[in-house]
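> pasting the structure only:
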């Protein structure tokens, strides 16, 4: 089966600019996660969707980050405006309702200058 | 929310030796504990996981043990090989994989 797809793979922007990331989960996976992984740290959960509903967004900085999964499949994560401390790899993961395993995408490496 | 602590942050072993990485969690409601391996520049990949109704699970050279009373779990790798060199992350989550919290990671180096 095809894995989790993410784009772009790399993005460089200046602070105060906006950026958006896209994720296509494994077909049939109802649960989708967005994580932020700062260099040298473990992934930090930003938001979790079950189909098109938000399950957990307690760690999402809502003043600048937003995410949506309108049709319960693809998802986008947006940062507006970006700060220097947003430089990180943004990982998307998906999971089937039938199993515990989360499958991660390749990530988008964001550099904010 | 859940807090996961992981030790050590770096670990160096000789090929063939065993490696042990330990994690503690704070919330007794957590019931799912996966371990991920992440090679440089790659995505995290699940290597083994355990649910709270099981005390130990083994898969070839890899095993995980869980002590619910003490709220800690450990990863054991036996007969280490150079290709085991990577960063390993533990994690804990509630029912249905909600609110997954990761440890800070352990960089394992296996010297040939």
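Right, received. Where do you want to start? Bear in mind the structure is a predicted one, so any value in this text is a computation, not a measurement.
> beta partners for residue 88?
Chain wasn't specified; assuming chain A. Here residue A:88 shows beta-bridge partners residue A:110, assigned using DSSP bridges.
> I was after chain B.
Going by DSSP bridges, residue B:88 is paired in beta bridges with residue B:37, residue B:106.
> where's it relative to residue B:76, distance?
Taking CB to CB, to the nearest Å as the criterion, residue B:88 is separated from residue B:76 by 11 Å. (Glycine included, C-beta is placed from N, CA and C.)
> who has more neighbours out of the two?
Neighbour tally, residue B:88 and residue B:76, criterion other CB atoms under 10 Å in any protein chain shown: the higher count belongs to residue B:88, 23 against 17.
> what does chain B put close to chain A?
Chain B comes close to chain A at residues B:1, B:4, B:6, B:32, B:34, B:42-46, B:49, B:51, B:89, B:91, B:96-105, as judged by CB under 8 Å from any CB of the partner chain.
> what about those, which are in strands?
Of the positions in these, B:4, B:6, B:32, B:34, B:45-46, B:49, B:51, B:89, B:91, B:98-102 sit in strands, assigned by DSSP state E.
> and those residues, which is the shakiest by pLDDT?
pLDDT is lowest at residue B:98 among these; the value there is 76.
> report how many residues lie close to that residue.
Taking other CB under 10 Å as the criterion, the count of residues near residue B:98 is 16.
> you'd agree it is up against residue A:56?
Yes. With contact defined as CB atoms under 8 Å, residue B:98 reaches residue A:56; the gap is 6.0 Å.
> in chain B, which residue sits nearest chain A?
Among residues of chain B, the one nearest chain A by CB to the nearest CB turns out to be residue B:102. It sits 3.3 Å away.
> nearest residue to that residue in space, please, no chain neighbours.
Taking CB to CB, 6 or more residues apart in numbering or on different chains as the measure, residue B:102 lies nearest to residue A:42, with 3.3 Å between them; neighbours along the chain are not counted.
> contacting residues around that neighbour?
B:4, B:6, B:89, B:91, B:102-105 (CB atoms under 8 Å, 6 or more residues apart in numbering or on different chains).
> which one of these is nearest residue B:68?
Sorting the contacts of residue A:42 by distance to residue B:68 puts residue B:4 at the head of the list, at 14.7 Å, by CB to CB.
> residues in contact with the helix or strand harbouring residue B:75: which ones?
When elements are assigned from DSSP states H and E, residue B:75 belongs to strand B:72-77. Taking contacts as CB under 8 Å, 6+ apart, the residues outside strand B:72-77 that touch it are B:18-25, B:33, B:35, B:48, B:50, B:61-67, B:84, B:88, B:90, B:108.
> so which of the residues you listed belong to helices?
Among the contacts of strand B:72-77, none falls in helices (DSSP state H).
> tell me the buried residues within those residues.
Neighbour counting with 16 or more other CB atoms under 10 Å in any protein chain shown marks B:19-25, B:33, B:35, B:48, B:50, B:62-66, B:84, B:88, B:90, B:108 as buried within the contacts of strand B:72-77.
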